[in-house]
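J.: What shape does this take:
(2 chains)
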Amino acid sequence: GAGVSQSPRYKVAKRGQDVALRCDPISGHVSLFWYQQALGQGPEFLTYFQNEAQLDKSGLPSDRFFAERPEGSVSTLKIQRTQQEDSAVYLCASSPNNQGTYLFFGSGTQLSVL
Amino acid sequence: KNEVEQSPQNLTAQEGEFITINCSYSVGISALHWLQQHPGGGIVSLFMLSSGKKKHGRLIATINIQEKHSSLHITASHPRDSAVYICAVSRGAQKLVFGQGTRLTINP
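T.: Numbering: from 1, shown residues only, chains lettered A, B, ... in the order given. As a prediction, the model looks like this:
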């Protein structure tokens, strides 16, 4: 596709349920980022991949959060045993280089944990 | 104190007005980004700056590295400009640090 694609667009989960959020970056983009955006707040960094290598996961809020990008293209953010405080929009962004410049964002996945 | 501060948090103006949104940051950066987010939509990158000034259509972005300050200007504002405008900085490492955003509403 022409842009960064995220799915699902909306996800409602019961507390304690596991969820998986998918990001399809622009083809050939080296860098991939996950951000979490709480309601009314700016996005906050979760994790960064350069190709298949997860170079920075310092923003993952707990060990319930796990991200992978096994073939250096599609990435999945998994949240285990979801909690209400996990409710947020999860944004994915990709960049053609490893400088973090020229970022392209997806539309996000809005996660609501009930 | 947040590393990136935006002002104002909310801005309402009439169509045609000149708009200025400000961003101050407290750390050394390699680049500053201005982003636009529409309700329910994703984020669109407007500008990336490391110095000086950039212009795209009715949008102008400036940065003063010494003062750690950037401004986003919109000339001849239009209701379709209504969105949240977010300032974000990168610090050599790849991740961005975001401001909280400025919610702009342009009334017809």
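
J.: how about the residues of chain A near chain B?
T.: Residues of chain A lying close to chain B by Cβ under 8 Å from any Cβ of the partner chain are A:4, A:6, A:31, A:33, A:35, A:40-45, A:48, A:50, A:55-56, A:59, A:91, A:93, A:95, A:98-108. For the C-beta atoms, the positions are set from N, CA and C on the backbone; glycine is no exception.

J.: which among the residues you listed end up buried?
T.: Buried members of those, scored by 16 or more other Cβ atoms under 10 Å in any protein chain shown, are A:4, A:6, A:31, A:33, A:35, A:42-45, A:48, A:50, A:56, A:59, A:91, A:93, A:95, A:99-101, A:103-108.

J.: So which of these sit within strands?
T.: A:6, A:31, A:33, A:35, A:44-45, A:48, A:50, A:56, A:91, A:93, A:95, A:104-105 (DSSP state E).

J.: What's the local residue count around B:Leu46?
T.: Applying other Cβ atoms under 10 Å in any protein chain shown, we find 17 other residues in the vicinity of B:Leu46.

J.: how close does it sit to B:Ser24?
T.: With distances taken as Cβ to Cβ, to the nearest Å, B:Leu46 is found 18 Å from B:Ser24.

J.: want to throw the ones in strands among the buried ones among the residues of chain A next to chain B into a markdown table with pLDDT?
T.: Output for these, formatted as a markdown table (pLDDT from 0 to 100):
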| residue | pLDDT |
| --- | --- |
| A:Gln6 | 95 |
| A:Ser31 | 92 |
| A:Phe33 | 93 |
| A:Tyr35 | 93 |
| A:Glu44 | 90 |
| A:Phe45 | 89 |
| A:Tyr48 | 92 |
| A:Gln50 | 93 |
| A:Asp56 | 90 |
| A:Leu91 | 93 |
| A:Ala93 | 92 |
| A:Ser95 | 88 |
| A:Phe104 | 86 |
| A:Phe105 | 88 |
